[in-house]
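Visitor: Got a sequence here, can you model it:
(chains A and B)
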Amino acid sequence: MEFAWHDDEVAFRAELAGFLERELPEHWFTLVPGEEPASKFTFDFCRKLGEAGLLAPHWPKEYGGREASGWQFILLGEELWRAGEPRGAQYMNVNWIGPAIMAAGTAEQKDYHLNRITSGDVIWCQGFSEPAAGTDLAALAMTATADGNDFVVNGTKVWTSYAAWADFCFLLARTDPSSSGTRGISIFLVPTDLAGLTIEPIPTVLDIHIVHRLTFDNVRVDRSLMLGTENNGWEIVRNALAYERIGGPRYARSEMVLNQLQERAQRSGLWKDRGIRSRFGSAQIAVDAARMLAYQVIDDRVKDRPNGPIVNLARVAIVRAERAVAEVAFETMGTDSVRLGSIGNSQFKTSMIAGLGGGSTEVQLNLIARALLGSEGA
Amino acid sequence: MDFDLNADQAARLDALAALVPPVVAASSSGLPGEHDESLAGALAADEQLTGSQVPLLDRVLLVEEAARLGAGIHASACLLIAPLADVTLGSGPIAVTTEGSTDPVRYGGIATAVACVGPSGLRWGSVEPSERHRTDSGLGSNYGVIETPNLRGVNWSGPIDPETLYRLGVAAEIAGAARAALDHTAAYLTERRAFGRPLSAFQALRHRMSELAVDAAGAAALVHRAAWLADADSIASAVAYAAATAGAAPAELHQICGARGFTNEFGLSRWTMLLEALRIELGAGYATAADYADARWPATAGTAR
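Guide: Residues are numbered from 1 along each chain as shown, chains lettered A, B, ... in the order given. This is a model prediction of the structure:
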């Protein structure tokens, strides 16, 4: 057991820091939580990241990466989330959509999609949740019915992030109508401009993050757009998402917000209050724990170990950190938090998303309990 | 960065486990702190475990493991502080006091040696029976007040002052005891049936156990990091997290186990009463968190970037 950063990791973080210093306007480092999923800036930034070999450094060389380690992957995530995530929606591409295509795609799919991702030119959304299948994703009912060389897709996806800007949807649909649960599901890499597909925003209280409804009305999808083999999509998704629990190291942004709040508390004189300092300390230990548990996940990953409960422990710790910082934001900023776009208002909403994005906290708790106590029926 | 034990660490933990007799769940008092003189003597004589060449992280891992195993010693005193004194404190119970305090301390009621830690250094000496006064606590750990006017010692010049090091040890004990308490409870929940099924089948209990598992894992991870980095900031973080963990776990685990959890024969109290003692030793949770904030953001804190 040792906790030193190795020379290549130190150099990588320095390279990243230098890049961000050059390419990121100052305001990104003091951004209140909020999202800029698909602005011209995020596209330009991702292209520059790609040119510098920093968009997907952990990918294999043949797909445009530089075979960076899992440690460099988490450092990349930390540095970018700490800077407000200037990749916008594209973080998802490099974290798991690209790797899923690498793992299960045809040569043609890899050629077509992976270059686009590493060039920073494309936005994806994930077509997972449905009105009656959210956390219980395996209950999904969207159908894709074979018809000649096409599949005809019908059904609705909801609460989908980034869909309004997305070029493609990573879509899960049931290709075996007699199936239930995790069997009989296939994945399609679907362009979002197909006839019969309607995308509309769903109003929510989460003004910092827009979600959408995707309605598929007899959308014809060419068979060549299927990822992997028919009816076997679940395994691909499960593997691809295994590390997404910590793929967006949200604790890094939480820490950035906490630092900003500390500066404000110091300027306002609030910092003299030991009670307030105690609240900051409590939030920071939540961030520290989240970081160390996420690092344990990476340690397993670089050693090619199967996923264990540490992934779920880390995810719960990350959510706790977001919420602890939101509490500090409210307590520090007082009535300023009623203003839309204020740091308190935004962090509160960010922390609400944290418990559901990347898998609901309750599912994480179920999986931890399974490791600790055996299955529910034991 | 590597979270696996290296060969030395694994060997040291194995050696410790071989020395510690199995915990007897049905102990007479159900409380922690029954001193095992043979274990203390074996530790003091074992260079592999308490020698000056043993890295801090390894020593802290041993403290954590000793607490988890329910070793009949004051783990932080025997494994972290006594070796610093560079003198043998014998195989009798060791108590640790803090500079300027006359409060009751663990093992103070039975100690034959004492180490006094503080920002200025470390002092130590033997304790005569007339110099120790038992304190009834109901928490175990043989609390007592020690009057030792003539201690020997030196001023400290190392990177971490002995009191800070001791607090890291207490945090490590919390990590070990929390793990043991959680495992003890988990084993019970899988055996005990109620309403026709095992308690472990109830989601109301499963989720709470999972939350405590996050606490225990976080406490251990922050203790390990602090022992490696050995700086005031990381240690304050580990101490604050451990204090919060020790503050939450006992009441929650007793609630989960039901009335049986209070009985001596059940054995949970061996861990929970130790956790209570340790959190009291670290000080109020709000204070440990505020101390961390002071270490993390000194008054001259710079910009967020």
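Visitor: Which phi and psi values does the spatially most central residue of chain B adopt?
Guide: Averaging the C-alpha coordinates of chain B gives a centre point, and the residue nearest to it by CA atoms, centre = their mean is B:E173 (2.2 Å). B:E173 adopts backbone torsions of phi -60, psi -40, taken as degrees, to the nearest 10.
Visitor: Give me the spatial nearest neighbour of it, chain neighbours excluded.
Guide: Among residues not flanking B:E173 along the chain, B:A67 sits closest, at 4.0 Å (CB to CB, 6 or more residues apart in numbering or on different chains). C-beta coordinates here come from the backbone N, C-alpha and C atoms, glycine included.
Visitor: my read is that neighbour is in a helix, agree?
Guide: Yes: in this structure, B:A67 lies within a helix as judged by DSSP: H, G, I helix; E, B strand; the rest coil.
Visitor: Near it, how many other residues are there?
Guide: Other residues near B:A67 come to 29 when the count uses other CB atoms under 10 Å in any protein chain shown.
Visitor: Tell me who's in contact with it.
Guide: Counting by CB atoms under 8 Å, 6 or more residues apart in numbering or on different chains, B:A67 makes contact with B:75, B:172-177, B:180, B:274.
Visitor: Can you flag the buried ones in these?
Guide: Neighbour counting by 16 or more other CB atoms under 10 Å in any protein chain shown classes B:75, B:172-177, B:180, B:274 among the contacts of B:A67 as buried.
Visitor: mind putting the residues you listed in CSV, secondary structure included?
Guide: Shown next, in CSV, are the buried ones among the contacts of B:A67 (three-state DSSP):
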residue, secondary structure
B:A75, helix
B:A172, helix
B:E173, helix
B:I174, helix
B:A175, helix
B:G176, helix
B:A177, helix
B:A180, helix
B:L274, helix
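Visitor: still on that earlier bit, can you tell me how far the residue nearest to B:E173 sits from A:G64?
Guide: For B:A67, the distance to A:G64 (CB to CB, to the nearest Å) stands at 49 Å.
Visitor: Then A:D207?
Guide: Between A:D207 and A:G64 the distance, using CB to CB, works out to 35 Å.
Visitor: What is the burial count for the residue of the stretch 1-150 of chain B found nearest chain A?
Guide: As assessed by CB to the nearest CB, chain A sits closest to B:F3 within the stretch 1-150 of chain B, at 4.4 Å. Number of residues near B:F3 (other CB under 10 Å) recorded here: 18.
Visitor: what packs against the lowest-mean-pLDDT helix or strand in chain B?
Guide: For chain B, using mean pLDDT, DSSP states H and E, the weakest element among its helices and strands is strand B:152-155, scoring a mean of 79. With contacts defined as 3 or more CB pairs under 8 Å, 6 or more residues apart in numbering or on different chains; DSSP states H and E, the secondary structure elements packing on strand B:152-155 are strand B:121-126.
Visitor: Show me which residues of the strand it packs on are buried.
Guide: Along strand B:121-126, the positions that meet the burial threshold by neighbour count (16+ other CB under 10 Å) are B:121-126.
Visitor: before we move on, what about stretch A:205-213?
Guide: Buried residues in stretch A:205-213, counted by 16+ other CB under 10 Å: A:208-213.
Visitor: burial measure for the residue nearest to B:G72 when sequence neighbours are not counted, as a count.
Guide: Nearest-residue entry for B:G72: B:D36, 3.1 Å, with adjacent residues in sequence omitted and distances by CB to CB, 6+ apart. Here the count is done by other CB under 10 Å, and B:D36 has 17 residues near it.
Visitor: any idea how far B:D36 is from B:G70?
Guide: Noted for B:D36: a distance of 10 Å to B:G70, by CB to CB.
Visitor: Ok, B:D294 next?
Guide: From B:D294 to B:G70 the distance is 35 Å (CB to CB).
Visitor: Tell me where the chain has helices.
Guide: Defaulting to chain A. Using DSSP state H, the helices of chain A run over residues A:7-23, A:40-51, A:70-82, A:91-92, A:98-104, A:107-119, A:233-241, A:244-247, A:250-268, A:274-302, A:310-333, A:343-354, A:361-373.
Visitor: Wait, chain B was what I had in mind.
Guide: Using DSSP H, the helices found in chain B span residues B:7-19, B:37-45, B:47-50, B:56-69, B:75-76, B:82-85, B:162-191, B:203-229, B:232-257, B:269-282, B:285-296.
Visitor: Need the winner for burial among those helices.
Guide: Highest mean neighbour count of the helices of chain B: helix B:75-76, a mean of 28 (counted as mean count of other CB atoms under 10 Å in any protein chain shown).
Visitor: tell me what it is packed against?
Guide: Contact partners of helix B:75-76 among helices and strands, from 3+ CB pairs under 8 Å, 6+ apart: helix B:56-69, helix B:162-191.
Visitor: Recalculate using a threshold of 10 Å.
Guide: Other elements packing on helix B:75-76 under the criterion 3 or more CB pairs under 10 Å, 6 or more residues apart in numbering or on different chains; DSSP states H and E are helix B:56-69, helix B:162-191, helix B:269-282.
Visitor: now that helix: mean pLDDT?
Guide: Regarding helix B:75-76, the rounded mean pLDDT is 94.
Visitor: I would like the residues contacting that helix, please.
Guide: Counting by CB atoms under 10 Å, 6 or more residues apart in numbering or on different chains, helix B:75-76 makes contact with B:16, B:43, B:59-60, B:62-69, B:82, B:94, B:96, B:106, B:115, B:117, B:165-173, B:176-177, B:274, B:278, B:281, all of which sit outside it.
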